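A.B. asks: what would the 3D arrangement of this be:
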Amino acid sequence: MRARLRRLLAGGREFVWKGELHHVSGGRDCHRCVRLRVWGAGKNSRVLQADLLSTAVLPWGCASDNSYPTPKDVREVIDHALRRGWDPDAAGGVFFLGEDEHAAGFELTGFLLTDRLRDEGAPDPTARVLSAFQRATGSPP
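C.D. replies: Sure thing, here's the model as predicted:
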């Protein structure tokens with residue numbers, strides 16, 4: 001099955017994006033993760049990639065999580081990447097919004113950045129997910 005490409009107008013420019021669903025293992029649970037990929041100047045342009053970790057805490061874990069970024073969320077990711085140096089007109093390559101470099105300054109309701117999807121040795125995301133859930137709801141998970 002082919003991934004569906006979506007279009008988004010931002011700042012007078014058209015971007016094309018897709019989200020791929022994945023699961024990331026944590027110490028206590030698995031977590032839903034959406035690999036977001038965005039192109040700003042065609043298929044040969046530098047792609048923006050962000051692995052978005054869902055902050056939902058549900059009784060049945062990632063099996064019942066249906067989190068998925070909205071076009072508004074994608075716009076926020078694009079704006080953040082542009083402020084951090086992503087050049088969508090550059091040819092080839094990937095601009096990663098990684099956890100180590102970008103997580104501290106990144107805020108997106110319902111999601112965190114993670115490196116765990118592309119690096120199994122990256123930090124366990126469970127503590128960050130539980131902390132984000134508690135901040136959002138004001139109650140422990």
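
A.B. asks: where in this structure is pLDDT low?
C.D. replies: 1-2, 58-63, 140-141 (pLDDT under 70).

A.B. asks: strands of that one, start to end?
C.D. replies: For the chain, the strands defined by DSSP state E occupy 6-10, 13-25, 30-39, 47-54, 94-97, 111-113.

A.B. asks: mind checking how far residue 110 is from residue 52?
C.D. replies: Taking Cβ to Cβ, to the nearest Å as the criterion, residue 110 is separated from residue 52 by 9 Å. Yep, even glycine has a C-beta here, placed from its N, CA and C like the rest.

A.B. asks: go on, residue 38?
C.D. replies: Residue 38 is 12 Å from residue 52, where distance means Cβ to Cβ.

A.B. asks: what sits in contact with each of those two?
C.D. replies: residue 77 (Cβ atoms under 8 Å, 6 or more residues apart in numbering).

A.B. asks: re earlier: need the overlap of contacts for residue 110 and residue 52.
C.D. replies: Taking Cβ under 8 Å, 6+ apart as the criterion, residue 110 and residue 52 both touch residue 73.

A.B. asks: ok, these two, which is more surrounded?
C.D. replies: More neighbours surround residue 52 than the other of residue 110 and residue 52, with 26 against 17 (other Cβ atoms under 10 Å).
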